[in-house]
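K.L.:
Fold the following for me, if possible:
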Amino acid sequence: MPPPSPVAPPESPAPDGSDPRCVPHKLTAPLPVGDACGYPRYSAEEHDVWRTLYARMADLLPGRAADEFLTGLTALGLDHEKIPALAAVSRQLHRATGWQIARTPGLLDAHDFFGHLARRIFPCTDYIRSRGELDYTPAPDCFHDIFGHTPMIMHPRFADFYQKIGQAALACRDPQVEEGLTRIYWFTVEFGLVKNPGGLRIFGNGIISSSGETRHSLTAKAEKRPFVPEQAAQQPYDIWHFQDVLWVVDSFDQLEAEFVRWAKGHGLL
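P.N.:
Residues are numbered from 1 along each chain as shown. I've put the predicted structure just below:
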């Protein structure tokens with residue numbers, strides 16, 4: 001917890017776990033936060049990968065992404081042409097919702113990850129996938145983290161819900177409840193849908209950072225269910241294939257209220 005977030009399912013069987021990007025890091029020192037996040041010396045190729053990914057999703061998301069996501073993306077003003085600086089994105093988040101970004105070397109140990117969320121700090125990578133991974137990468141990268149995650153953290157209600165996910169995870173001692181919380185995280189933060197005035201829309205970043213998952217999620221191939229935490233907590237998922245079942249929230253007020261009800265029922269908040 002949280003699970004790896006592949007950008008799209010591979011055509012071949014799941015990898016053997018040898019990719020070091022899929023091995024969680026256990027922190028031995030504090031992560032740099034906010035303005036302490038340096039800016040790497042990216043190559044022209046790395047900036048071009050960002051530019052390609054951004055252009056592709058910018059064409060695909062109107063009419064599919066949640067209004068709240070698109071509003072957050074516009075407010076962030078992310079550079080379309082080159083990889084944004086984590087420090088600059090952090091300043092935007094802090095002004096909007098009191099969140100900051102920490103620079104992480106990769107996938108974090110669950111306790112470390114949720115410990116940061118509980119303090120309104122989002123651990124974010126600053127490396128980007130290779131061109132050969134435009135359609136699939138087995139681990140988070142800065143496109144997934146910055147483009148996929150941060151626009152929703154600009155939304156006050158989602159930002160509060162995201163912090164409560166972290167607080168609940170830190171309080172969890174029961175492995176069965178922890179598994180349920182992992183599934184709730186997966187089916188909301190990563191693969192959630194929301195009702196907007198214009199229809200059903202995507203807010204989960206695992207969908208939004210994947211062109212294939214974006215196209216798949218709103219079709220009849222994915223079963224849509226009203227969000228009930230108790231039911232989502234029982235639903236298995238497979239990170240290596242498109243999601244067959246997705247959960248729909250009425251609003252982000254409902255998402256937070258339902259999660260708080262569930263978490264309090266398990267003594268987590």
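K.L.:
packing partners for the host helix or strand of Thr214?
P.N.:
Element membership for Thr214 (DSSP states H and E) is helix 211-217. With contacts taken as 3 or more C-beta pairs under 8 Å, 6 or more residues apart in numbering; DSSP states H and E, helix 211-217 sits against helix 44-60, helix 205-208. Bear in mind the C-beta positions are built from the backbone N, C-alpha and C, glycine included.
K.L.:
Need those in a markdown table (columns: mean neighbour count).
P.N.:
Formatted as a markdown table, those follow (neighbours: other C-beta atoms under 10 Å):
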| stretch | mean neighbour count |
| --- | --- |
| helix 44-60 | 15 |
| helix 205-208 | 28 |
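K.L.:
Can you tell me which of the ones you listed has the worst average pLDDT?
P.N.:
Among the helices and strands packed on helix 211-217, helix 205-208 has the lowest mean pLDDT, at a mean of 91.
K.L.:
on that earlier part again, check what contacts the helix holding Thr214 and list those residues.
P.N.:
7-9, 56-57, 60-61, 64-65, 135, 191, 193, 202, 206-208, 222, 242-243, 246 (C-beta atoms under 8 Å, 6 or more residues apart in numbering).
K.L.:
Pull out the buried residues from it.
P.N.:
Burial within helix 211-217, assessed by neighbour count using 16 or more other C-beta atoms under 10 Å, is assigned to 211, 213-214, 216-217.
K.L.:
That helix: how far from the chain's middle?
P.N.:
Mean-position distance between helix 211-217 and its chain equals 15 Å (C-alpha atoms, centre = their mean, to the nearest Å).
K.L.:
ok, the closest residue to Pro20 other than its chain neighbours - how many residues close by?
P.N.:
Of all residues not flanking Pro20 in the chain, Gly106 sits nearest, at 7.6 Å (C-beta to C-beta, 6 or more residues apart in numbering). Counted by other C-beta atoms under 10 Å, the residues lying close to Gly106 total 16.
K.L.:
Which element, helix or strand, includes Gly106?
P.N.:
Here Gly106 is assigned to no helix or strand, by DSSP H and E.
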